[in-house]
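[1] have a look; sequence and predicted model below, questions after that.
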Amino acid sequence: MEPVIRVEKLVKRYAGRGLGRRSAGFTAVDSVSFSILPGSTLALVGESGSGKSSIGLCLSCLEQVTSGQIWFEGRDVAALADKELRAVRPKLQMVFQDPAASLNPRWAVREIVAEPLLVQGRVARDDRAERAAQGLERVGLGAEYLERRPAELSGGQRQRVAIARALILEPKLLILDEVLSALDVSIQAQIANLLVELQRALGLAYLFITHDLRIAAYLADEVAVMDRGKIVEQGEAEKILRSSECAETQRLLGAARVERESVDAVRQR
Amino acid sequence: MMRFLLRRLGHAAFLLLGVSVLAFAFSTLAPGNYFDEMRLNPQISAERLSALRAKYQVDRPVAVRYERWAVALLHGDLGFSFAYNTPVAPLLWTRARNTLLLTGTATLLVWMLALPLGVWSAERLGRPVDVALSWATAVLLIVPDLALALGLLVLAVRSGWLPTGGMVSVGFEGFSLGQKIRDLALHMVLPVTVLVASALPVLLRHVRAAVAEALEASFLRAAEGHGIPRWRLLYRYALPAAAHPLIALFGFSLGALLSGSLLVEVVMSWPGLGPFLLEAILARDLYVVIGGVLLSTLFLVAGNFAADLLLYWADPRIRAGAPER
Amino acid sequence: MSARSRLVICAAVLGALHVAVACAGFLAPYDPTAQDREHPYAPPMRLHFVDTRGGVHLRPFAYAQGLRAGSFDEYEENVARAIPVRFFVSGAPYRVLGVLALRLHLFGGDAPVYLLGTDGYGRDLLSRMLFGGQVSLLAGLIGAGLTLSIGLCIGAAAGFWGGWKDEVLMRVAELFLALPWIYLLFAMRAFLPLAVPPVKAFLLVVVVIGAVGWARPARMVRGIVLSAKERNFVRAARGFGATGGYLLRRHILPETGNVVLTQAAVLVPQFVLAEMTLSFLGLGVPEPVPSWGNLLASLQHYNVLASYWWMYLPAFAMVPFFLGYLVLASLLQGSSRTPKIEEASNWV
């Protein structure tokens, strides 16, 4: 089966700022390659600074790659100009970590969810409102949420709105950048399950970026572990979880285990 | 430390250069020059006019004139005044000195009043005294300088207590030293009052706001818990903490020393830089105008520079290289 | 009283003041340029309700003023001649908004009633103050509008483009900030032709005022645009293919609204003052068109200052407007916030 997206030797360097102060640049992503099959999930796991968010930004064409290729629908989107990208963008959507920051606080939910339609300019206003309502339903929110503002919603609800917005253009690949990290633990489970459902219903591919190896293993088919810009281990989720020999993976696993143990310890008390 | 100094100096130099170019461009690109007026005067012959024009190099291209002027400037020569037929520099120094006498006194007074009043007010935030003071400053704020200056002048005229303009009385030369000082001081009362009255409300509000904010800081609560006396707390702890915005304001005060009093000087007939430059502008006396504008800008830039230095010395965070602005 | 209702009340009062000035034609009893050579420097006339015989009248009246015999600037009331004040009278023609021609005035009398006295040419001071307000306020409003427009464009451009374009624009802004603005104002005005017809002079004044002060608003707008640009909802919009123009229009510029409004409230009175200063010194709106500035210009003469106190009254015309704008600005800023140095030094 053809992968939905194939990344080849992606490099992202950030230039130094100003004169004389940190003038040496910094390589966030160092020659990374992977591919994602349609309808499947690849989890990109690593600590902050490992480069995973940069990869997400490059894939959704929000940042320029320094070198490398991103093959999507037969074209290298890393090399496309803005105008040509416009047609491609709807297929590659991103959902951000903090929903409070990724939704314009002055807009109503209806406008937020329908915004991609407005930007792409192909849909009339009434249709937009209808599609917004449908989009909300899909993520489990009723029509009463249409006229509310983000400030009136809880974290989980906001994230659902963000997901509805990302889905409204019917993308093939969804890039989820730490979408669960800002939520309470109980809500995390809800949203995670919503994501699984949506994937099954719509045949979406996910690039799931996270620092939590457990969640990654729960959601993903394949896991790639990142350390300082490079992929240090990649393979089936189950296998990595159980029998990994890579130092970084062990560390991440250990961190997850410590978390779980401390939660258990608190419960026992 | 050196790098910081050099950077600020370079910045200041750039500003001065830019301002001089702008000022020159404005003045020369505008229609009309000093000699157009003379052309209308039948008493001056055409030959004399063209001789004068050649002498002052009025007909050279702008860039050349600028270059000559800039080079001369570096030698301390500010050019020649068409109207007075003397070099510009001594004219400016005398006038500037008069202005500084006025604004220097006013600035000193304003700060001496604003600091204690502001601290006092911040301590009693929200209480009747503070509210009353706020209202008083608001009243001062809304009365425009022009109205204030003219109003005081009207009062002076009708009551006859104070001289109504000018810097010195007739016969000043013959006074004894004591009389001279007294005469000068009397003449200064009105303009200084106007200057203080217009600058005080703003400064007072800022001191009050900055000190009030500093008073809320937790390290102050800790000091209070140690039993440090109130006044010490205010002046040795709170005020320095509030210093940052106040130093910036002080820089502005310094910077405005030459340019802030133009209106007052004109209304009160004080022979300062303001009226002199106004006259020069109206007469199209090019080099006087440019020299004057540059001098004021120099003060402004120097004021900011001094503020930067003070801030650097006062605030260890800046020394450590935290990003500014 | 909530903050919002306070804001609305303040805006309403300020608006009413402006409307009053806009209706100068109706409220003013006389044409501001109409001269009355028989009554130069006449003091304000008092309104009475009780006449010399003790009779009470419902309609207010004034006694005619005439020069005292033998003097040329002292007036006395002629109690034999009472002038009843009538309301809604027909008087000198005027135009509303330059289009509608009307003759209706709020009050007037059979003989001249000068409530605030006259100037050296016998022109009614009250009328001149009202019409002068139109000129001065308009100069301030248009000037502030110009400055804010320029500042908004440049600040948004600098913040949005970033990079070297931003650097260049901000350096230029610094230059303008470093120039002592009052001298810049005078220099700009004086170096343009001095003898121009009133309308052109007015426009010149406004353009000069407006072109001087853009640097500070530009810096503020730039700051807001810079931070708004990095917000994730802007990035998300870019992710759906939004163009730069769309982002600015629908997401970024709305964030600047508060700052722009506050700056407007701070700048308008400053610019009115600038117009007053220029006109006072003879560089602004020329005679015979009145403006609050040139109404005060005659006070530069000692004898006017000493003898004709009512000529000082135009200085107070500005005060209620200043107050209104000051309150508006502080309400918009939120009075509990420490006023930033950037904004405050506007007053310095």
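    Thanks, I have the structure now.

[2] SS state for residue A:235?
    Reducing the assignment at residue A:235 to three states with DSSP: H, G, I helix; E, B strand; the rest coil gives strand.

[3] show me what contacts it?
    Residues touching residue A:235, when contacts are defined by CB atoms under 8 Å, 6 or more residues apart in numbering or on different chains, comprise A:222-223. Every residue, glycine included, has its C-beta placed from N, CA and C.

[4] gap between it and residue A:31?
    The gap separating residue A:235 from residue A:31 is 19 Å, by CB to CB, to the nearest Å.

[5] check residue C:135 too.
    The value you get for residue C:135 to residue A:31, if CB to CB is used, is 70 Å.

[6] neighbour count winner among the two?
    For the pair residue C:135 and residue A:31, the greater number of neighbours falls to residue C:135 (25 against 14), based on other CB atoms under 10 Å in any protein chain shown.

[7] OK, contacts around the closest residue to that one other than its chain neighbours?
    Sequence neighbours aside, residue C:291 is the residue nearest to residue C:135 in space, at 4.1 Å (criterion: CB to CB, 6 or more residues apart in numbering or on different chains). Counting by CB under 8 Å, 6+ apart, residue C:291 makes contact with C:132, C:135-136, C:139, C:275-276, C:279, C:284-285.

[8] output the contacting helices and strands for the strand or helix carrying residue B:182.
    Taking DSSP states H and E as the definition, residue B:182 sits inside helix B:177-215. In terms of contact count using 3 or more CB pairs under 8 Å, 6 or more residues apart in numbering or on different chains; DSSP states H and E, helix B:177-215 is assigned the packing partners helix B:88-123, helix B:128-142, helix B:145-159, helix B:239-241, helix B:243-255, helix B:262-267, helix C:341-344.

[9] give me that answer again for 10 Å
    helix B:88-123, helix B:128-142, helix B:145-159, helix B:218-225, helix B:239-241, helix B:243-255, helix B:262-267, helix C:341-344 (3 or more CB pairs under 10 Å, 6 or more residues apart in numbering or on different chains; DSSP states H and E).

[10] how far off helix B:88-123 does it point, in degrees?
    Between the axes of helix B:177-215 and helix B:88-123, defined by axes from the mean of the first three to the mean of the last three CA atoms, to 10 degrees, the angle is 50 degrees.

[11] now helix B:177-215: average pLDDT?
    Mean per-residue pLDDT for helix B:177-215: 86.

[12] where along the stretch 151-300 of chain C do the helices fall?
    Listed from the start of the chain, the stretch 151-300 of chain C has helices (DSSP state H, counting those that start in this stretch) covering C:163-178, C:181-191, C:198-212, C:215-229, C:232-239, C:244-247, C:253-280, C:292-296.

[13] which stretch among the ones you listed approaches residue A:210 most closely?
    Between residue A:210 and those, the tightest spacing by CB to CB is seen for helix C:232-239, at 17.4 Å.

[14] quick one: work out the angle between the closest one and helix C:215-229.
    Our comparison of helix C:232-239 with helix C:215-229, counting by the same axes, to 10 degrees, yields an angle of 70 degrees.

[15] tell me how far helix C:232-239 is from the chain's mean position?
    Offset of helix C:232-239 from its chain centre (CA atoms, centre = their mean, to the nearest Å): 42 Å.

[16] stretch B:129-142 too?
    When C-alpha coordinates are averaged (CA atoms, centre = their mean), stretch B:129-142 and its chain have centres 25 Å apart.

[17] give me the residues contacting that stretch.
    Taking contacts as CB atoms under 10 Å, 6 or more residues apart in numbering or on different chains, the residues outside stretch B:129-142 that touch it are B:114, B:117-118, B:120-126, B:148, B:196-205, B:208, B:212, C:269, C:318-327, C:330, C:347.

[18] list the buried residues in that stretch.
    When neighbours are counted by 16 or more other CB atoms under 10 Å in any protein chain shown, the buried residues of stretch B:129-142 are found to be B:130, B:133-134, B:137-138, B:140-142.

[19] cool, stretch C:39-59 as well?
    Going through stretch C:39-59 with 16+ other CB under 10 Å, the ones that come out buried are C:39-45, C:48.

[20] and if you look at stretch A:151-158?
    Judged by neighbour count (16+ other CB under 10 Å), stretch A:151-158 contains these buried residues: A:153, A:155-158.

[21] can it be said to contact chain C?
    No: between stretch A:151-158 and chain C, judged by CB under 10 Å from any CB of the partner chain, nothing touches; the nearest distance is 11.3 Å.

[22] what's the span of that stretch, first residue to last?
    Across its full length, stretch A:151-158 reaches 9 Å end to end, with CA to CA, to the nearest Å as the criterion.

[23] so which residue is dead centre in chain C?
    Closest residue to the average C-alpha location of chain C: residue C:137 at 2.3 Å, with CA atoms, centre = their mean.

[24] that residue against residue C:321, yeah?
    Yes: shown here, residue C:137 and residue C:321 form a contact pair, counting by CB atoms under 10 Å, at 7.1 Å.

[25] mutual contacts of the two, please.
    Shared between the contact lists of residue C:137 and residue C:321 (criterion: CB under 10 Å, 6+ apart) are residues C:17-18, C:21, C:268-269, C:272, C:292.

[26] and chain B, which of those reach it?
    Filtering those for proximity to chain B by CB under 10 Å from any CB leaves C:269, C:272, C:292.

[27] ranking the residues you listed by neighbours, who comes first?
    residue C:292 (31 neighbours).

[28] quick check, that one in contact with residue C:133.
    Yes: counting by CB under 10 Å, residue C:292 does reach residue C:133; the two are 6.5 Å apart.

[29] which residues do the two both contact?
    Taking CB under 10 Å, 6+ apart as the contact criterion, the residues that touch both residue C:292 and residue C:133 are C:272, C:314, C:317-318, C:321.

[30] residue in the stretch 151-300 of chain B with the shortest distance to chain C?
    residue B:259 (3.5 Å; CB to the nearest CB).

[31] same deal with the stretch 151-269 of chain A?
    Counting by CB to the nearest CB, the stretch 151-269 of chain A gets nearest chain C through residue A:169, at 6.7 Å.

[32] how close does the closest residue to that residue other than its chain neighbours sit to residue A:103?
    Ranked by CB to CB, 6+ apart and with sequence neighbours excluded, the top spatial neighbour of residue A:169 is residue A:90, at 3.7 Å. Counting by CB to CB, the separation of residue A:90 from residue A:103 is 19 Å.

[33] from the contacts of residue C:291, pick the one nearest chain A.
    Within the set of these, residue C:139 lies nearest chain A; the separation is 34.3 Å, counting by CB to the nearest CB.

[34] so who does that closest one touch?
    With CB under 10 Å, 6+ apart as the criterion, the residues that contact residue C:139 are C:202-203, C:205-206, C:209-210, C:268, C:271-272, C:274-276, C:278-279, C:284-285, C:291-293.

[35] kindly recompute the last result at 8 Å.
    C:202, C:205-206, C:209, C:271-272, C:275, C:285, C:291.

[36] confirm that it sits in a helix.
    Yes: looking at residue C:139 with three-state DSSP, it is inside a helix.

[37] picking up where we left off before, between the contacts of residue C:291, which is nearest chain B?
    For chain B, the closest of the contacts of residue C:291 turns out to be residue C:276, at 6.0 Å, with distances computed as CB to the nearest CB.
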